[in-house]
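Participant: only geometry, no sequence info:
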């Protein structure tokens, strides 16, 4: 992925790092590029002050939603 040519968008936010990691692994298994943003801050501060954001390429949003929702 070339960061200068790709736009990442937030697919979903999580209060729990474990849930975010599970969702990321599901998308990874489906071959959809995704990254987590904020997972380290969420791990340090156990309150929901820092949400973990699951981010995907803009063109993959519909496919990612279908995979996450099990469609």
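Facilitator: The structure has been received and is ready for your questions. Given the structure is predicted, the values throughout are model-derived calculations rather than measurements.
Participant: can we go C-alpha only for contacts and neighbour counts from here?
Facilitator: Will do.
Participant: now the residue nearest in space to the middle of the chain, nearest residue through space, not along the chain?
Facilitator: By C-alpha atoms, centre = their mean, the mean C-alpha position of the chain lies nearest to residue 54, the distance being 1.7 Å. Spatial nearest neighbour of residue 54, excluding adjacent residues (C-alpha to C-alpha, 6 or more residues apart in numbering): residue 36 at 4.8 Å.
Participant: Tell me the secondary structure at the one you found.
Facilitator: Secondary structure state of residue 36, per DSSP: H, G, I helix; E, B strand; the rest coil, is strand.
Participant: sorry, back to before: I'd like the next helix or strand past the helix or strand where the residue nearest to the centre of the chain lies.
Facilitator: Applying DSSP states H and E as the criterion places residue 54 in strand 52-57. Scanning forward in sequence from strand 52-57 by DSSP H and E, the next helix or strand is helix 61-68.
Participant: Provide the secondary structure category for residue 6.
Facilitator: coil.
Participant: Give me the neighbour count for it.
Facilitator: 12 (other C-alpha atoms under 10 Å).
Participant: now swap in residue 71 and tell me
Facilitator: 8.
Participant: Identify the residues contacting it.
Facilitator: Listed by C-alpha atoms under 8 Å, 6 or more residues apart in numbering, residue 71 has no contact partners.
Participant: same thing but at 10 Å, please
Facilitator: 63-65 (C-alpha atoms under 10 Å, 6 or more residues apart in numbering).
Participant: Generate a markdown table for the residues you listed, with distance to residue 8, neighbour count and pLDDT as supplementary columns.
Facilitator: Shown next, in a markdown table, are the contacts of residue 71 (distance: C-alpha to C-alpha, whole Å; neighbours: other C-alpha atoms under 10 Å; pLDDT from 0 to 100):
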| residue | distance to residue 8 | neighbour count | pLDDT |
| --- | --- | --- | --- |
| 63 | 14 | 14 | 97 |
| 64 | 12 | 27 | 98 |
| 65 | 14 | 14 | 96 |
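Participant: For these, give me CSV that also has distance to residue 21.
Facilitator: Output for the contacts of residue 71, formatted as CSV (distance: C-alpha to C-alpha, whole Å):
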residue, distance to residue 21
63, 18
64, 14
65, 16
